[in-house]
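1. Got a sequence here, can you build the structure:
(one chain, ligands or ions: 2)
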Amino acid sequence: MMESRSQVRVNVPASTANMGPGFDTIGMAFQLYSSVEIAVAETTAIELIGPEMQGLPADKSNLLYEVAAGLFREAGQSAPELYIRAASDAPLTRGLGSSAAAIAGALVAANHLLGEPYTRDELFRMGTLLEGHPDNIGASLFGGVVVATMPEEKHQAIPYVRLDPPDELKTLAIIPDFPLSTEKARNVLPQMYSKQDVIYNVGHSSLLVAALAQGRLDLLSQAMKDRMHQPYRAELVPGLSEILEGAAESGALGATLSGAGPTILCFYQTEEDLHNLSGFIESVMSKHGVSYRAMQLKPDKHGAQVVFEER
Ligand SMILES: Nc1ncnc2c1ncn2[C@@H]1O[C@H](COP(=O)(O)OP(=O)(O)OP(=O)(O)O)[C@@H](O)[C@H]1O
Ligand SMILES: N[C@@H](CCO)C(=O)O
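-> Numbering: from 1, shown residues only. Ligands and ions are numbered 1, 2, ... in the order given. Sure, this is the predicted structure:
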């Protein structure tokens, strides 16, 4: 059995990325969690709990092991044998940042076992290099809304600003019953964009950040419009175009594809809006024959948290 030199458990929030125009730049964390428990052991063993984790490898090719062992090596130690136990309330490959949550959780847990040699900002840089973009990783590590971009050089810190999301912002997540890998959803994007589309997205993304910072929920519907990825990803997500076009009329403050999809988010304020939106979503999705589940989500403001440790 495992040698219990030390162990730690970390809870990590799921997240959305882009929020429309802020492609690879804006992330927001939700009160929907995955957990990872890691202990140094004599032999590596990986326990994956619950239906969301089915099909993931339970050996050293598991993302959690690779990331945690990588941090040990980065800290100058040999790759350890690890006992890992992982569970997730958030679905995988649905656009709710599961890979970023896994990376963030493994980094925070391994860093804790190592005696905290790295700051959260340093873990953010490492996680971003692993994930390729900082949006979901930032939200999972810090909670709230994180606006970030890639640094010029790999060794540089990730430039970011964290905002508290407006308290009144509620989210209806429509999670289709099919997976869509980020890789597939990135492959449909064009290599080049027109000047008009670039100006359009810079304007909307800037407006969105300012609106979130000042709690201007009245601006979200306009500010969340995008020409960079959603129009191209619509072919992969039945119903997306209609929901983006019609959600505001049914009470949404704004609507967006979550990350690389296929989850679609509608932001709202009142129970009446939720009721109207739910009916609208059901009519669109049933027209397309897409089965889905709907979840009401609240923003997480804390990010990845160590919830248990034993030394
Ligand atoms: N807890 C976990 N343990 C190991 N691997 C995981 C875990 N969570 C996610 N992954 C890996 O990440 C993959 C999903 O990543 P992907 O980027 O395609 O989707 P996502 O992160 O859920 O969505 P998005 O990036 O669009 O928000 C899974 O197929 C799996 O390989
Ligand atoms: N910003 C990323 C999020 C998915 O990891 C994308 O939309 O492709």
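2. What residues of the longest helix along the chain count as buried?
-> As assigned by DSSP state H, the longest helix anywhere in the chain is helix 195-214. Neighbour counts using 16 or more other Cβ atoms under 10 Å place 200, 201, 204, 205, 207, 208, 209, 211, 212 of helix 195-214 among the buried residues. All C-beta spots, glycine's among them, are computed from the backbone N, C-alpha and C.
3. For whatever helix or strand residue 8 lives in, name the packing helices and strands.
-> Per DSSP states H and E, residue 8 falls inside strand 7-17. Here strand 7-17 touches strand 26-40, helix 98-113, helix 135-142, strand 305-310, going by 3 or more Cβ pairs under 8 Å, 6 or more residues apart in numbering; DSSP states H and E.
4. ok so, going back, quick check: mean pLDDT across the longest helix of the chain?
-> Here helix 195-214 scores 98 as its mean pLDDT.
5. And it, how far out from the chain middle?
-> 20 Å (Cα atoms, centre = their mean, to the nearest Å).
6. next SSE after it?
-> Of the helices and strands lying after helix 195-214 in sequence (DSSP H and E), the nearest is helix 220-223.
7. Give me the contact list for that following helix.
-> 20, 21, 204, 207, 208, 211, 248, 252, 253, 254, 267 (Cβ atoms under 8 Å, 6 or more residues apart in numbering).
8. Is ligand 2 within reach of the longest helix of the chain?
-> No: against ligand 2, helix 195-214 shows no contacts by Cβ under 6 Å from any ligand atom, the least distance being 12.2 Å.
9. name the helices or strands packed onto that helix?
-> Counting by 3+ Cβ pairs under 8 Å, 6+ apart, helix 195-214 packs on strand 26-40, strand 160-163, helix 220-223.
10. Check the gap between the nearest residue to residue 211 once chain neighbours are set aside and residue 58 for me.
-> Leaving out its chain neighbours, the residue that sits closest to residue 211 by Cβ to Cβ, 6 or more residues apart in numbering is residue 219, at 4.0 Å. To residue 58, residue 219 is 46 Å away according to Cβ to Cβ, to the nearest Å.
11. repeat for residue 294
-> Applying Cβ to Cβ, the value for residue 294 to residue 58 is 31 Å.
12. How about the residues of the stretch 151-300 of the chain by ligand 2?
-> 182, 185, 186, 229, 259, 260.
13. Return the closest of these with respect to residue 79.
-> residue 182 (26.5 Å; Cβ to Cβ).
14. quick one: contacts for the closest one?
-> Here residue 182 is in contact with 93, 99, 259, 260 (criterion: Cβ under 8 Å, 6+ apart).
15. Please repeat the previous calculation with a cut-off of 6 Å.
-> When the contact criterion is Cβ atoms under 6 Å, 6 or more residues apart in numbering, the partners of residue 182 are residue 260.
16. chain center to stretch 133-150, what's the gap?
-> The answer for stretch 133-150 is 8 Å, by Cα atoms, centre = their mean.
17. What residues sit buried inside it?
-> 133-148, 150.
18. same thing with stretch 168-178?
-> Using 16+ other Cβ under 10 Å as the test for burial, stretch 168-178 gives 169, 170, 171, 172, 173, 174, 175, 176.
19. cool, and stretch 218-225?
-> Neighbour counts using 16+ other Cβ under 10 Å place 219, 220, 221, 223, 224, 225 of stretch 218-225 among the buried residues.
20. Pipe those into a markdown table and attach pLDDT per row.
-> Shown next, in a markdown table, are those (pLDDT from 0 to 100):
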| residue | pLDDT |
| --- | --- |
| 219 | 97 |
| 220 | 97 |
| 221 | 95 |
| 223 | 98 |
| 224 | 98 |
| 225 | 97 |
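21. so which of those comes closest to ligand 1?
-> When the buried residues of stretch 218-225 are compared for distance to ligand 1 (Cβ to the nearest ligand atom), residue 224 wins out at 16.8 Å.
22. thinking again about what came up before, taking the helices and strands packed on helix 195-214 together, which one is wrapped up most tightly?
-> strand 26-40 (a mean of 25; mean count of other Cβ atoms under 10 Å).
23. wait, does that one contact ligand 2?
-> No: Strand 26-40 does not reach ligand 2 (Cβ under 6 Å from any ligand atom); its nearest approach is 8.1 Å.
24. got the angle for that strand vs helix 195-214?
-> With axes from the mean of the first three to the mean of the last three Cα atoms, to 10 degrees as the basis, strand 26-40 and helix 195-214 are set at 70 degrees to each other.
25. Please point out which parts of the host helix or strand of residue 129 sit buried.
-> Assigned by DSSP H and E, residue 129 belongs to helix 120-131. Buried residues in helix 120-131, counted by 16+ other Cβ under 10 Å: 123, 124, 125, 126, 127, 128, 129, 130, 131.
26. returning to that earlier point: partner strands of the strand holding residue 8 and their direction?
-> Sheet pairing for strand 7-17, assigned by DSSP bridges, gives strand 26-40 (antiparallel), strand 305-310 (antiparallel).
27. Cool, thanks, signing off.
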